[in-house]
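Here is a sequence with its predicted model. Questions after.
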Amino acid sequence: MTWVALGLFAGLVLGSYDFLTKLALRDKGVLEVVLLSSVLGALVWALFLLAPPAASQALQPWGLSPAPLSWREQALVLPKSLMMVVTWVLSYYAVKALPLSISAGVRASGPLWTAAGAIVLLGEQLTGWQWLGLAVSMLSYHLFARIGSREGIRFHRDG
């Protein structure tokens, strides 16, 4: 039963996040919101990156003490980071233009597109469980689109 409570809590948090994102995009441009969000996230992580060694050791069990990366490792992370930024920008445009009930589903597909890009562009290999997760996601999006079409939403035409 704990997983049900955690699932409901996750839905509440993600729904609140989508609602607040929609509010942020009401009076600001997409690129401005993405930039401000990225800067805020970088500032939060800077606290953990600049933590003294004793604090870093205490934060390590919670995964809040990032391991140092070499320049080569940083370069390997860069393409994934760029793909994430592209998905944020495109999904924020969807949030700005679409009703919240539809844009939330579009935003939820971001990790799917990032995974697809990592597989196609970076040659990543997925486990069986990861492939199953992608298949469930694709089925969910298909069902979501069918439900939306019953409500009169057509993505293949404008207006």
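Everything's here; your move.

rest of the way, CA atoms for contacts and neighbours
Fine.

which residues sit against the lowest-mean-pLDDT helix or strand in the chain?
Lowest mean confidence among the helices and strands of the chain (mean pLDDT, DSSP states H and E): helix 100-108, at a mean of 73. Outside of helix 100-108, the residues within contact range by Cα atoms under 8 Å, 6 or more residues apart in numbering are 15, 18-19, 22, 91-92, 94-95, 141, 144, 148.

Report the residue spans of the protein with pLDDT below the cut-off.
Scanning the chain for pLDDT under 70 picks out 1, 148-159.

Sketch out the helices for it, chain order is fine.
Ranges of helices in the chain, per DSSP state H, are 2-26, 30-49, 53-59, 71-97, 100-108, 110-122, 128-150.

Tell me the buried residues in the first one?
By that I understand helix 2-26. By 16 or more other Cα atoms under 10 Å, the buried positions in helix 2-26 come out as 18, 21-22, 25.

what does stretch 138-148 give?
Neighbour-count burial for stretch 138-148 flags 141, 145 (criterion: 16+ other Cα under 10 Å).

State the distance from A67 to G128.
28 Å (Cα to Cα, to the nearest Å).

brain fart, W45
Taking Cα to Cα, one finds W45 at 32 Å from G128.

Y93 too?
33 Å.

returning to what we had before: check the buried residues of helix 2-26 and tell me the two furthest apart.
Spatial extent of the buried residues of helix 2-26 (Cα to Cα) is set by the pair D18 and L25 at 10.5 Å.

Make TSV out of the buried residues of helix 2-26 and add distance to L50.
Listed next are the buried residues of helix 2-26 as TSV, based on distance: Cα to Cα, whole Å:
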residue	distance to L50
D18	30
T21	29
K22	32
L25	31
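
between those, which is closest to W62?
D18 (26.0 Å).

Not counting its neighbours along the chain, what's nearest the closest one?
Nearest non-adjacent residue to D18, counting by Cα to Cα, 6 or more residues apart in numbering: A104, 6.4 Å away.

Using PDB, write out every CA atom in stretch 34-50.
Extracted in PDB, the C-alpha atoms of stretch 34-50 (Å, rounded to 0.1, in the frame of the first residue of the first chain):
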ATOM      1  CA  VAL A  34      14.400  27.600 -19.200                       C
ATOM      2  CA  LEU A  35      17.500  29.800 -18.500                       C
ATOM      3  CA  LEU A  36      16.200  30.900 -15.100                       C
ATOM      4  CA  SER A  37      15.300  27.300 -14.200                       C
ATOM      5  CA  SER A  38      18.700  26.100 -15.200                       C
ATOM      6  CA  VAL A  39      20.500  28.800 -13.300                       C
ATOM      7  CA  LEU A  40      18.500  28.100 -10.200                       C
ATOM      8  CA  GLY A  41      19.200  24.400 -10.400                       C
ATOM      9  CA  ALA A  42      22.900  25.100 -10.900                       C
ATOM     10  CA  LEU A  43      22.900  27.300  -7.800                       C
ATOM     11  CA  VAL A  44      21.300  24.600  -5.700                       C
ATOM     12  CA  TRP A  45      23.900  22.000  -7.000                       C
ATOM     13  CA  ALA A  46      26.700  24.500  -6.500                       C
ATOM     14  CA  LEU A  47      26.100  24.200  -2.700                       C
ATOM     15  CA  PHE A  48      26.700  20.500  -2.900                       C
ATOM     16  CA  LEU A  49      29.700  20.800  -5.200                       C
ATOM     17  CA  LEU A  50      31.400  23.400  -3.000                       C
END
